[in-house]
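> Next one to model:
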Amino acid sequence: MLFLAPVPFFMLAIAVIGVAMVPAMWVGAYLWALSDSSTSLLKYFLRGLSLPVGFYIYGFSLLLVAPLVSFVMGGRLKPYRGSPVSFKCIGWYVQAALTFVVRYSFLEFITPTVYLNAYFRLMGMKIGKNVYINSTHICDPSMIELGNGCTIGGSANIMGHYASGDFMVIAPVKIHRKAVVGYGVTIMGDVEIGEGAKVLANSFVLPKTRIPAGEIWGGVPAVRQNLPVKDPAIIKGTLD
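As a prediction, this is how the structure comes out:
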């Protein structure tokens with residue numbers, strides 16, 4: 001019967017997509033009807049316009065509907081360690097299902113913009129000021145905290161969970177102010193990156209890793225790199 005277990009989450013995703021499509025369908029139908037009384041060239045322009053306009057209306061509607069449903073259905077996660085087949089994990093499955101729906105249908109079209117940051121905030125992520133996020137590969141946003149001035153590089157993977165033997169572990173990720181996460185970096189749950197620290201591109205940061213302020217880490221798994229830190233503000237610990 002395990003093959004039936006994902007069905008409720010598929011149905012939830014379908015319902016959320018359907019609700020988000022309602023305003024898009026309404027605008028599309030209006031433009032289509034308007035085209036019926038137009039000249040030949042204008043008719044095809046309006047009908048063609050209805051598709052991309054409808055898509056973006058659907059996308060921005062989804063940015064509101066998915067966080068609302070996630071919040072109502074327990075998608076604001078708390079630290080957890082235990083069986084992945086548990087009622088306590090339902091909120092995690094809900095948030096994962098909705099996160100993937102938004103990521104793979106629309107999120108790439110608004111990356112990196114303020115709309116991306118706004119969506120992650122609505123999903124429960126704590127984001128400071130002047131944070132630059134150039135990645136949609138973020139899971140468990142309600143378990144992630146980004147300090148002021150952080151930079152998240154392209155295609156970086158950040159997730160607030162990992163597997164430990166037969167257990168599912170849900171744990172927070174904290175990236176302090178002015179830290180830099182490079183291109184393609186993977187960060188697992190229960191990681192803390194200190195103020196002004198840098199993780200080099202394509203590195204893998206294991207669970208329970210603590211990167212001190214101002215240090216440069218890299219590799220698979222990520223370890224401290226003996227590279228010079230040239231920013232005097234980092235050396236003196238006087239970052240704004």
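> use CA for all of it now, contacts and neighbours both
Fine.
> Residues contacting stretch 105-124, please?
Stretch 105-124 has contacts (Cα atoms under 8 Å, 6 or more residues apart in numbering) with 59, 63-64, 67-68, 70-71, 76, 127, 132-136, 141-143.
> Among the residues you listed, which ones are in helices?
59, 63, 64, 67, 68, 70, 71 (DSSP state H).
> what about the residue lying closest to the fourth one once chain neighbours are set aside, neighbour count?
Excluding its sequence neighbours, the residue lying closest to residue 67 (Cα to Cα, 6 or more residues apart in numbering) is residue 123, at 5.0 Å. Other residues within reach of residue 123, judged by other Cα atoms under 10 Å, total 26.
> where's residue 123 relative to residue 149, distance?
20 Å (Cα to Cα, to the nearest Å).
> cool, residue 165 as well?
Separation of residue 165 from residue 149 (Cα to Cα) stands at 36 Å.
> who has more neighbours, those two?
Higher neighbour count among residue 165 and residue 149: residue 149, with 20 against 7, using other Cα under 10 Å.
> Just confirm that one is within a helix.
No. Counting by DSSP: H, G, I helix; E, B strand; the rest coil, residue 149 falls outside a helix, being coil.
> what's the closest non-adjacent residue to the residue most central in space within the chain?
Central residue of the chain (Cα atoms, centre = their mean): residue 138, 3.6 Å from the mean position. Excluding the flanking residues, the one nearest residue 138 by Cα to Cα, 6+ apart is residue 158, at 4.9 Å.
> Model confidence at that neighbour, what's the number?
Predicted confidence (pLDDT) for residue 158: 96.
> what's near enough to touch residue 67?
For residue 67, the contact set (Cα under 8 Å, 6+ apart) comprises 119, 122, 123.
> so where do the helices sit in the chain?
Assigned helices in the chain, in chain order: 7-36, 40-72, 90-105, 114-122, 232-236 (criterion: DSSP H).
> looking at those, which is buried most?
Ranked by mean neighbour count under mean count of other Cα atoms under 10 Å, the helices of the chain are led by helix 90-105, which reaches a mean of 19.
> you'd agree residue 222 is up against residue 205?
Yes. Here residue 222 reaches residue 205: they are 5.2 Å apart, a contact under Cα atoms under 8 Å.
> out of these two, which sits in the more crowded spot?
Using other Cα under 10 Å as the criterion, residue 222 and residue 205 rank with residue 205 on top: 26 against 21.
> any idea of the mean pLDDT in stretch 70-78?
Average pLDDT, stretch 70-78: 88.
> any idea what sits nearest residue 21, other than its immediate chain neighbours?
residue 58 (5.0 Å).
> Okay, now the unreliable bits of the protein?
Across the chain, residues meeting the criterion (pLDDT under 70) sit at 1-5, 227-240.
> again, only using 50
The model of the chain has pLDDT under 50 over residues 232-240.
> Which residue of it lies farthest from its centroid?
Most peripheral residue of the chain (Cα atoms, centre = their mean): residue 39, 44.2 Å.
> Pull up the gap between that one and residue 28, please.
Distance, residue 39 to residue 28, by Cα to Cα: 18 Å.
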